[in-house]
Structure formats: structure tokens, C-alpha cells
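Student: sequence first, then the predicted structure:
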Amino acid sequence: MKVSKPRTTVMEVDIHGLMASDAKARLEHLLSHAAPEVEEVVVIHGYSRGTVLRDMVRNQLKHPRIQTKLLSLNQGQTRILLKKTKK
């Protein structure tokens, strides 16, 4: 899993090559420990070699900080908007 430094309020996460269960656990951990300034997480999961990771992110991933998930025109990524946290 590759995580980029947040550019202002957006964090990008690449989960290519992970098993769905590992990716889910790592994303949940990332969401729990993301800085309060982070408002959006872009998850790059790919789609050409199967849809297991995409389906996990879009259907199974749950976390109290997730406000909504936005489908992208790029089928290989999903945008997750986060709720604002109190500082």
C-alpha cells in the first residue's frame, strides 16, 4: 500500500496488489489515524485485473469518519469524503 502525503486536504492511497481483507484493515486504520485536516481520501484500487478491491472499497468499507463515497469517471479509483472532526 502506497500513501502519499496529504496535499492540503486530500490524501491518495494505492492498494494495488493487496488482498481485500488486508486492504480493508489498512484503510480502516488510515481513516482512524488521518489528520483532522484531511477531508478526502482518493483510493486507487484498479479495475482491469478484477473488481474485488473496488467492490470492497465501494460496498464493504465502513468507518464512522466516512461521509460519502464518490464514484469517479476513472473506474480504477474511488473518492471518499470524510466528516469534519473536532480539533
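Tutor: Okay, I see it.
Student: quick one: the strands in the chain?
Tutor: In the chain, strands defined by DSSP state E lie at 2-3, 10-14, 40-44, 66-71, 77-82, listed in chain order.
Student: give me the distance between the two termini of stretch 69-84.
Tutor: Chord length of stretch 69-84, first to last residue, is 15 Å (C-alpha to C-alpha, to the nearest Å).
Student: swap that for stretch 64-74, sorry
Tutor: Using C-alpha to C-alpha, first and last residues of stretch 64-74 are 26 Å apart.
Student: coming back round to it: of the strands of the chain, which is nearest Arg54?
Tutor: Set against Arg54 and scored by C-beta to C-beta, the strands of the chain come closest in strand 77-82, at 7.1 Å. Glycine gets a C-beta too; all of them are placed from N, C-alpha and C.
Student: let me see the mean pLDDT of stretch 48-58.
Tutor: In this model, stretch 48-58 has an average pLDDT of 89.
Student: returning to that earlier point: and of the strands of the chain, who's closest to Thr51?
Tutor: strand 77-82 (11.6 Å).
Student: what's the angle from that closest one to strand 66-71?
Tutor: For the pair strand 77-82 and strand 66-71, the angle between their directions (axes from the mean of the first three to the mean of the last three C-alpha atoms, to 10 degrees) equals 160 degrees.
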